[in-house]
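A.B. asks: 3D, please:
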Amino acid sequence: MSSGRPKAGPGDFSFWAALAAAGCRFVTRRKSNPPLAGLKDRPVRGAAILADQVGTLPRRLARSRQNPYAKPIRLVTVARPEGPPLELLTNDLETEASAIAALYQARWQVELFFRWVKQNLKIKRFLGTSEHAIKLQILTALIAYLLLRLAQQALPQPASLHHLARLVKANLMRRHPPPAAADRTPPPPQLQLALTHAQT
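C.D. replies: Numbering: from 1, shown residues only. Alright, predicted model coming up:
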């Protein structure tokens, strides 16, 4: 693999150890080539699965520090239509390799969704850190995006979504008369009630 990719370091192993201690299963891409010792082959099931192996990470890291993740780790190699095979590392030793590959693919769809959110909804940073605050900000941005799409479809002439968003932003707090207000016939004057007082 390319040497330009970041290598798995102590931070990765500490994070994996924390996830495992919390009872979580993780699936991640093998970023470079963290050495795996004692690899044992497992039965390969699935058309796209090239290899399914279990091994261990090195016990010691740089400067003789102990590796915080000492449990067995699984290496699943998946064929891709284009490019080199995909190597996945996971602490899940029970699930079928094809399901591990599908889980990573689902994770990639989540990343694509957030990339789309950044590009289309212009969320540069989250205003809150709680789950509720993040969901609320994403839902608000989605509603704004859908309203822009509806307005775009209602225009008599085509306009880009970016141009429409700029127009809305520039005129959001301005008060404009309704469209074609000049063509409307003015309403009739209100009837004046003549009050007469009975003279005695």
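A.B. asks: how many neighbours does residue 69 have?
C.D. replies: For residue 69, the count of nearby residues is 20 (other C-beta atoms under 10 Å). In short, each C-beta sits where N, CA and C put it, glycine included.
A.B. asks: for it, what are its contacts?
C.D. replies: By C-beta atoms under 8 Å, 6 or more residues apart in numbering, the contact set of residue 69 is 13-14, 16-17, 20, 57.
A.B. asks: So in the chain, which strand runs the longest?
C.D. replies: strand 49-56 (DSSP state E).
A.B. asks: Tell me the helices and strands packed up against it.
C.D. replies: Secondary-structure packing of strand 49-56 (3 or more C-beta pairs under 8 Å, 6 or more residues apart in numbering; DSSP states H and E): strand 37-41, strand 73-78, helix 97-121.
A.B. asks: Out of those, which is the most enclosed?
C.D. replies: Of all these, strand 73-78 has the most neighbours on average by mean count of other C-beta atoms under 10 Å, namely a mean of 22.
A.B. asks: which SS class is residue 82?
C.D. replies: With DSSP: H, G, I helix; E, B strand; the rest coil as the basis, the three-state label of residue 82 is coil.
A.B. asks: low-confidence ranges in the chain?
C.D. replies: 1-11, 32-33, 61-64, 176-200 (pLDDT under 70).
A.B. asks: in this structure, which residue is closest to the centre?
C.D. replies: Residue closest to the average C-alpha location in the chain (C-alpha atoms, centre = their mean): residue 114, at 2.7 Å.
A.B. asks: ok, that residue to residue 166 distance?
C.D. replies: The gap separating residue 114 from residue 166 is 24 Å, by C-beta to C-beta, to the nearest Å.
A.B. asks: ok, now residue 15?
C.D. replies: In terms of C-beta to C-beta, residue 15 sits 41 Å off from residue 166.
A.B. asks: what do you get for residue 25?
C.D. replies: Taken as C-beta to C-beta, the span from residue 25 to residue 166 is 45 Å.
A.B. asks: what lines up beside the longest strand of the chain in the sheet?
C.D. replies: Counting by DSSP bridges, the strands paired with strand 49-56 are strand 37-41 (antiparallel), strand 73-78 (antiparallel).
A.B. asks: Save the helices and strands packed on strand 49-56 as JSON lines, and put in distance to residue 91 too.
C.D. replies: Below are the helices and strands packed on strand 49-56 laid out as JSON lines (distance: least, C-beta to C-beta, whole Å):
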{"stretch": "strand 37-41", "distance to residue 91": "15"}
{"stretch": "strand 73-78", "distance to residue 91": "6"}
{"stretch": "helix 97-121", "distance to residue 91": "11"}
